[in-house]
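next comes the sequence, and after it the predicted model I'd like to discuss.
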Amino acid sequence: MSRIGRKPVALPGGVEATLKGTVVTVKGPKGELTYSTLPEVTVAIDGQTVTVTRKDDSDKSRARHGLTRMLIHNMAIGVSAGYEKKLEIIGVGYKAQLKGKVLVLNLGHSHPINFDIPAGIEIAQDEKNKNIIAIKGISKELVGQVAADIRTLRPPEPYKGKGVRYVGEHVRRKAGKAAVAKAA
């Protein structure tokens, strides 16, 4: 049996979960998230505890047992505390600016890139270092996807380290071309 799927989801204070058919809705102080469960698992809500059980021991059911439990757990954390990812922009002339619901990125291309901020996501710049942007939201999946999309616009390169990276990410550096000594 799945060790992750077996653990019940304890809902934090101020968070409530409801089940209508196969749709689980989690409401909290930051918002509301819904998830339509898969047919291989069943969800039971008992007060402030959500338990997920699988219908049989097939490979498909076993794989989706832990998945469903973690998705509901992430929803409970998201509506109570929220999620945040930070990106760092490194490079001469590389910068980011917020203009309403658009993030304008200058990343060394011949043109600025206008990144439309999706609904449910909030982007803020650090006050001290304008090259650090924080992506916040209640959906862990959406926050991670937006951070990954921004990072793919200019991933860090291994020679000078320029580009967009997660704060704290280590980029392996390569040595450039070695100088060739001339034989006289």
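Cool, the structure landed. Numbers count the residues shown, from 1 in each chain.

please pull up the helix or strand immediately following the lengthiest helix in the chain.
Scanning the chain for the helix with the most residues, using DSSP state H, yields helix 59-80. Next along the chain after helix 59-80, taking DSSP states H and E as the criterion, comes strand 83-90.

gap between the two ends of stretch 155-172?
13 Å (C-alpha to C-alpha, to the nearest Å).

mind checking how far the closest residue to Leu105 other than its chain neighbours is from Gly93?
Nearest residue to Leu105 in three dimensions, chain neighbours excluded: Ile113, at 4.5 Å (C-beta to C-beta, 6 or more residues apart in numbering). From N, CA and C alone the C-beta is placed, and that goes for glycine too. Applying C-beta to C-beta, to the nearest Å, the value for Ile113 to Gly93 is 13 Å.

looking at these two, which one has more neighbours?
Ile113 (14 against 8; other C-beta atoms under 10 Å).

test my guess that that one contacts Val104.
Yes: assessed by C-beta atoms under 8 Å, Ile113 is found in contact with Val104 at 7.3 Å.

name the nearest residue to the residue most central in space within the chain, sequence neighbours excluded.
For the chain, the residue nearest the mean C-alpha position is Gly144 (1.8 Å; C-alpha atoms, centre = their mean). Take Gly144 and drop its neighbours on the chain: the residue closest to it by C-beta to C-beta, 6+ apart is Lys85, 6.5 Å away.

for that neighbour, name its beta-bridge partners.
For Lys85, the beta-bridge partners under DSSP bridges are Ile135.

domain assignment for the chain?
3-80, 83-166 (automatic domain parsing).

do you have the helices of this protein handy? List them.
3-6, 59-80, 140-152.

wait, which of the ones you listed is closest to Glu40?
Judged by C-beta to C-beta, the one of the helices of the chain that comes nearest to Glu40 is helix 59-80, at 4.0 Å.

follow-up on the earlier one: intersection of neighbour lists for Ile113 and Gly93?
Asn106 (C-beta atoms under 8 Å, 6 or more residues apart in numbering).

what's the pLDDT at the residue nearest to Gly144?
pLDDT for Lys85: 96.

picking that back up, any idea which of the domains of the chain gets closest to Ala175?
That would be, of the domains of the chain and by C-beta to C-beta, domain 83-166, which comes in at 8.5 Å.

how about the longest helix of the chain: buried residues?
61-62, 64-80 (16 or more other C-beta atoms under 10 Å).
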